[in-house]
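> Fold the following for me, if possible:
(chains A and B)
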2 protein chains.
Amino acid sequence: MIQTTDACNIEKIEDGTVISPKGFKSGGIHCGLRRSKKDFGLLISDHPASVAAVYTQSHFQAPPLKVNQESIAESQKIQAIAINSAIANACTGNEGLTNAYTMRELVANQYSIRKEYVAVASTGVIGEQLEMDKIKYGVENVHPSETGAHDFQQAILTTDTCEKSACYQVEIDGETVTIAGAAKGSGMIHPNMATMLGFITTDAKIESEHLQLALSQSIDKSFNQITVDGETSTNDMVLTLANGSVEHHSLSPDHSQWGDFHQTLQLVCEDLAKQIAKDGEGATKLIEVNVSSAWSDQEARIVAKKVVGSSLVKTAVYGVDANWGRIVGAIGHSEAHVNAEKCDIYIEGQLVFSEGTPCSFSEEQATKDLSKENVTVNIDLHEGTGTGTAWGCDLTYDYIKINASYRT
Amino acid sequence: MIQTTDACNIEKIEDGTVISPKGFKSGGIHCGLRRSKKDFGLLISDHPASVAAVYTQSHFQAPPLKVNQESIAESQKIQAIAINSAIANACTGNEGLTNAYTMRELVANQYSIRKEYVAVASTGVIGEQLEMDKIKYGVENVHPSETGAHDFQQAILTTDTCEKSACYQVEIDGETVTIAGAAKGSGMIHPNMATMLGFITTDAKIESEHLQLALSQSIDKSFNQITVDGETSTNDMVLTLANGSVEHHSLSPDHSQWGDFHQTLQLVCEDLAKQIAKDGEGATKLIEVNVSSAWSDQEARIVAKKVVGSSLVKTAVYGVDANWGRIVGAIGHSEAHVNAEKCDIYIEGQLVFSEGTPCSFSEEQATKDLSKENVTVNIDLHEGTGTGTAWGCDLTYDYIKINASYRT
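A predicted model of the protein is given here:
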């Protein structure tokens, strides 16, 4: 996990938003798809921005994702992102595809930009068609501005209980570069990206191909390392726009500060990912699992994610039960090099399992530790030098309640 | 899924037990590991039996499994199986291994058989040592008999709510061969075997190597196709004993009725597997997912298991919600060839999704169908000729309740 260090001049901006980077505006309104909550958001850059995108790996990719892939392949740039909540426009066949194209066109016309410069996103119930008159109303009335950050951040939510945003700054060539993001996601959160929506903005100057490289690598250690319920959605994606509003030498792996930029982007991704995990459906706690001394970084991430995704670990944490046996079960079940005789497990710093057998530990302390909102489990595999982290949440009665009748 | 047919002379024996095959006895008593329920069982054959075994794939294999692998490698035969519930003897280090050897030896001495003819099994809480005086009491007082089937079947249970047994008969060379089994398992039920305990008995005459072949193939389509919560335990195994009490030509793939025997064994495995899935922790319903027209049988099984293991599908079924979107999500997430535009989904025979979009269907009928104890989902992928089935259960408030404080 990357830590903020003085050395590389990265700073977290506590009250930053998705439009803190220069040259971005946003807005969010109620267009009528939901009963009363905001359901239509628009994010726009003053000029076409370099773009990087990662999409769901579901076989059932929703129409908006198909349209964006086509747009980006053609333009290599994106200037505006329009999103509606309530209806996912997934499993909607040809009509759904037409509607996604129409949504793109409405935005292009309204803001007099090329249609290929518009990305579209939808999130909500699948199998229902968008009501295009409401989308049209949204496009015409959203009015993005420099004060519309929270409206946008609210409009993209579904079962989320709070806005999710992150903002960091880093000096590049002596200039302050800002990277920020907004995200949504609460259920259907699991592997291989895509299981949420993330919109990342930056005023850095960088070509799309290099932005894509940095994004893809960052996602492997952030969004791809969270899990709420092991599900992958049809709709989800992370879009990153870099509009180059700050004057510095264009970033690429050859730039001496490429690492600083990359690290900052990853901090934004990680920050958003953790917020999503913590706001998992019905969750009361964020669980962080750090694996060290694994055979490789990849295996460390596999083990971390297996543990944090285990229903039995999740319910034990919910029950404030220092049940190391559930952790052992999940490690044992993972596809990684594990020697049962060597593995150490710590719950909030307290060693509970060592060299294949449980240790005596303070149950009182463990109960205190597990009662906190953020619970950390450290696992030392004593196999190699690989490290990795994953984040998730506890499994509670409310997860069942929320999902037992989501549709009806 | 194999169906009983007249053609191959297979008959289900409704009141059969694990000792219905000739030459087996069993017993079960309370030896003191649990508060009052039976916690020690013994199954014994009149003479050493051919044996086949499948073990957990967890990295943390419990001592009893190690001891059995050693015994079977040396003897190729097993005559007695001793099992305790309450304590799993897992993550117990060298002391645990010594205790498993001692348990084996106690049984061997009590029944005057070679120690390598004794298999041992433990199930329950992990990380605690067996109390060997209680195990000794169990061995000395269990007294297996021809009427001890239910005592044995009860003694092996943990959080299970009911006994699990199955019994089928088939004619081989004009003689009646019986195959039966007892099983336990309720939580930690998922892929790759081992996630439960199963003891299968038969009076068929068959060498261990052929029995192993038939068992391994049967397990892929039964025990490996159930899931309760995606977890794999440290302890679980299926042991199959064939004592040859019935006189027929020894079974092997060359025997003209090999297929009949194999099919009967698989019916026993499937029957037990379904009982385990239905009795999943907190479950109120058995869910069966049949996938047809997949690219291969293996891919059909992958898709079926993905759907039946989806937390969102499981909660939707609990909520009596015909949420085909959850099924689509799970199919989309599977590592198999899937064309979203071709896939059909039926809930209890009612088509709810076809060619990439939802169908209009009777919600009233769906609610009625989903209120039943057994819910069947059929998925037609229109990709090839592969078929496969998986079984699971709904995810309920009680699963959380049972597991939020299992240890304490």
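> buried set for stretch A:61-74?
Residues A:61-65, A:67-68, A:71-72 are the ones in stretch A:61-74 that count as buried (16 or more other C-beta atoms under 10 Å in any protein chain shown). (C-beta placed from N, C-alpha, C; glycine too.)
> where do the helices sit along the stretch 251-400 of chain A?
If you assign secondary structure with DSSP state H, counting those that start in this stretch, the helices in the stretch 251-400 of chain A sit at A:258-278, A:297-309, A:311-318, A:324-333, A:363-370, A:397-404.
> what's the average pLDDT for the longest one?
Going back to what we said before, that points to helix A:258-278. pLDDT averaged over helix A:258-278 equals 93, rounded to a whole number.
> Please apply the same query to the second one.
The average pLDDT within helix A:297-309 is 92.
> Please name every helix or strand in contact with it.
Contacts defined by 3 or more C-beta pairs under 8 Å, 6 or more residues apart in numbering or on different chains; DSSP states H and E place helix A:297-309 against strand A:226-227, strand A:286-294, helix A:324-333, strand A:374-380, strand A:386-393.
> Columns distance to chain B, mean pLDDT and mean neighbour count on top of these, output as a markdown table?
Supplementary listing: these in a markdown table, determined by distance: least, C-beta to the nearest C-beta, whole Å; pLDDT from 0 to 100; neighbours: other C-beta atoms under 10 Å in any protein chain shown:
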| stretch | distance to chain B | mean pLDDT | mean neighbour count |
| --- | --- | --- | --- |
| strand A:226-227 | 11 | 76 | 27 |
| strand A:286-294 | 13 | 95 | 23 |
| helix A:324-333 | 4 | 86 | 26 |
| strand A:374-380 | 12 | 96 | 19 |
| strand A:386-393 | 12 | 92 | 25 |
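> which residues touch the closest residue to A:Leu312 other than its chain neighbours?
Of all residues not flanking A:Leu312 in the chain, A:Arg326 sits nearest, at 4.3 Å (C-beta to C-beta, 6 or more residues apart in numbering or on different chains). Contact criterion C-beta atoms under 8 Å, 6 or more residues apart in numbering or on different chains gives A:310, A:312-313, A:316 as the residues in contact with A:Arg326.
> pretty sure A:Val238 is in a strand, no?
Yes - if the criterion is DSSP: H, G, I helix; E, B strand; the rest coil, then A:Val238 is within a strand.
> Look up the closest residue to it, ignoring the ones flanking it.
Among residues not flanking A:Val238 along the chain, A:Gly198 sits closest, at 3.9 Å (C-beta to C-beta, 6+ apart).
> distance of A:Thr92 from chain B?
Distance of A:Thr92 to chain B, computed by C-beta to the nearest C-beta, to the nearest Å: 6 Å.
> Spit out the contact partners of that residue.
Each residue near A:Thr92 by C-beta under 8 Å, 6+ apart is listed here: A:62-63, A:99, A:126-130, B:357.
> Filter these down to the buried ones, PyMOL style.
Taking 16+ other C-beta under 10 Å as the burial criterion, the selection of buried members of the contacts of A:Thr92 in PyMOL is written as:
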select buried, (chain A and resi 62+63+99+126+127+128+130) or (chain B and resi 357)
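> how about TSV for the contacts of A:Thr92, with pLDDT added?
Putting those into TSV (pLDDT from 0 to 100) gives the following:
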residue	pLDDT
A:Ala62	87
A:Pro63	92
A:Asn99	98
A:Ile126	82
A:Gly127	84
A:Glu128	88
A:Gln129	94
A:Leu130	96
B:Thr357	88
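> Sitting in helices, which of the contacts of A:Thr92 do you find?
Judged by DSSP state H, the subset of the contacts of A:Thr92 located in helices is A:63, A:99.
> Skipping adjacent residues, who's closest to A:Ala204 in space?
Nearest-residue entry for A:Ala204: A:Val177, 4.7 Å, with adjacent residues in sequence omitted and distances by C-beta to C-beta, 6+ apart.
> What helix or strand is the one you found located in?
Per DSSP states H and E, A:Val177 falls inside strand A:175-184.
> Which neighbouring elements make contact with that strand?
Helices and strands touching strand A:175-184, as assessed by 3+ C-beta pairs under 8 Å, 6+ apart, comprise helix A:149-155, strand A:164-172, strand A:197-202, helix A:258-278.
> For that strand, buried residues please.
When burial is assessed from 16+ other C-beta under 10 Å, strand A:175-184 yields the following buried residues: A:177-184.
> That strand relative to strand A:164-172, how many degrees between them?
Taking axes from the mean of the first three to the mean of the last three C-alpha atoms, to 10 degrees, one finds that strand A:175-184 is oriented at 160 degrees with respect to strand A:164-172.
> about what we covered before: buried only: go through the contacts of A:Arg326 for me.
Burial of the contacts of A:Arg326 was assessed by neighbour count (16+ other C-beta under 10 Å); the buried members are A:310, A:312-313, A:316.
> tell me which of those is nearest to B:Ala277?
A:Leu312 (16.9 Å; C-beta to C-beta).
> what pairs with the lowest-mean-pLDDT helix or strand in chain A, and is each one parallel or antiparallel?
Across the helices and strands of chain A, the lowest-confidence element by mean pLDDT, DSSP states H and E is strand A:226-227, at a mean of 76. According to DSSP bridges, strand A:226-227 has the following sheet partners: strand A:386-393 (parallel).
> Could I get the CA-only coordinates of the partner strand as PDB?
C-alpha atoms of strand A:386-393 as PDB (Å, rounded to 0.1, in the frame of the first residue of the first chain):
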ATOM      1  CA  GLY A 386       5.300 -10.200  -1.800                       C
ATOM      2  CA  THR A 387       2.900  -7.800  -0.200                       C
ATOM      3  CA  GLY A 388      -0.700  -6.900  -0.900                       C
ATOM      4  CA  THR A 389      -3.800  -5.400   0.700                       C
ATOM      5  CA  ALA A 390      -7.500  -5.900   0.200                       C
ATOM      6  CA  TRP A 391     -10.500  -4.100   1.700                       C
ATOM      7  CA  GLY A 392     -14.000  -5.300   2.500                       C
ATOM      8  CA  CYS A 393     -16.800  -5.000   5.000                       C
END
